[in-house]
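Colleague: The following comprises the amino acid sequence and a computationally predicted model.
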Amino acid sequence: MATSIHISLDHKCYLREPESTELGKRIISESIRLIDALGFEHFTFKKLGAEIGSTEASIYRYFENKHKLLVYLVSWYWAWVDYTVTFQTHNIADPRERLCRALEVLTKAGQDDDPSVAYIDERILYRIVVAESSKVYHTKEVDAENKEGYFLEIKRLCHRLAEMVLAVNPAYPYPHALISTAMEAAHQQLYFAKHLPSLTEIKDTQHPEEETKDFLKHLLFSAIDSIQYKSK
């Protein structure tokens, strides 16, 4: 990993780019900690303002509401995972090994804090994505927000991984459907293991990400290998 990276979102979910000021960075850093501690439903800009020693009004200069702040956090996460997948797979020639490495990044993204982005704790952000990310697009406004480009980061990563699927088997007909299912399952299975264990065989152990990775490898390669590919 590079010693320093800059992930900037050209996004309509914010009014002012948070990375452009120290206050914006504090808003992002402390909102991650507060949402993790309270849950999104109980998180408010008033509570965030008290945490950072500022006013609600100062936060509203960056984000119109807390939903758009959550969109930003989840979008930043997917952009960071996309960067990490690209970095860790670019020298791998074998397509199956490349896809396996990408799945490892997908399931283990929250195990370590990335020191290259000092003001964001990726371990805490990962917990928010596991617990709260579906609230970003399970809304009445999803179609309008999609037209505004709110979900480009997750779609970009999905497309990158779908291309890896086609590199393994160009005849596979559902690469995006398979990958979007795997991306959702990577978080869903961890959530089920912790909160609804009867819905999964994944155990809430010290490292459930490893078991989740094995499950996703089985899911993907069983599907990919079920379609016969005849090379010319």
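Modeller: Here it is on my side, so go on. Only a predicted model underlies this, so the values are computations on that prediction, with no experimental measurement involved.
Colleague: from here on, contacts and neighbour counts on C-alpha atoms
Modeller: Noted.
Colleague: ok, residue 212 - how many residues close by?
Modeller: 26 (other Cα atoms under 10 Å).
Colleague: buried stuff in the helix or strand where it lies?
Modeller: Per DSSP states H and E: residue 212 is located in helix 208-225. Under the neighbour-count criterion of 16 or more other Cα atoms under 10 Å, helix 208-225 has 208-209, 211-213, 215-217, 220-221, 224 buried.
Colleague: same question, stretch 21-41
Modeller: Buried, per 16+ other Cα under 10 Å, within stretch 21-41: 23-36, 40.
Colleague: Show the average pLDDT along it.
Modeller: Taken as a whole, stretch 21-41 has a mean pLDDT of 96.
Colleague: any idea of the pLDDT on the residue nearest to the spatial centre of the chain?
Modeller: The chain has residue 78 as the residue nearest its centroid, 3.8 Å off, counting by Cα atoms, centre = their mean. Looking at residue 78, its pLDDT is 95.
Colleague: Find the helix or strand that it is a member of.
Modeller: Going by DSSP H and E, residue 78 is in helix 66-89.
Colleague: And the helices in the protein, which stretches?
Modeller: 22-38, 45-52, 56-60, 66-89, 95-108, 122-132, 134-137, 142-147, 152-168, 175-195, 208-225 (DSSP state H).
Colleague: buried stuff in the fifth one?
Modeller: Which is helix 95-108. Going by 16+ other Cα under 10 Å, helix 95-108 has these buried residues: 95-96, 98-108.
Colleague: what does the second one give?
Modeller: Buried residues in helix 45-52, counting neighbours by 16+ other Cα under 10 Å, are found at 45, 48-49, 51.
Colleague: now the angle between helix 22-38 and it, please.
Modeller: Per axes from the mean of the first three to the mean of the last three Cα atoms, to 10 degrees, the angle that helix 45-52 makes with helix 22-38 is 110 degrees.
Colleague: Just to check, residue 62 is in contact with residue 17?
Modeller: Yes: between residue 62 and residue 17 there is a contact at 6.9 Å, judged by Cα atoms under 8 Å.
Colleague: Mind listing the shared neighbours of the two?
Modeller: Listed as contacting both residue 62 and residue 17 by Cα atoms under 8 Å, 6 or more residues apart in numbering are residue 24.
Colleague: Surely residue 228 is in contact with residue 168?
Modeller: No: here residue 228 lies out of contact with residue 168, judged by Cα under 8 Å, at a distance of 11.4 Å.
Colleague: Between these two, which has more neighbouring residues?
Modeller: Neighbour totals were compared for residue 228 and residue 168, and residue 168 leads with 19 against 11 (other Cα under 10 Å).
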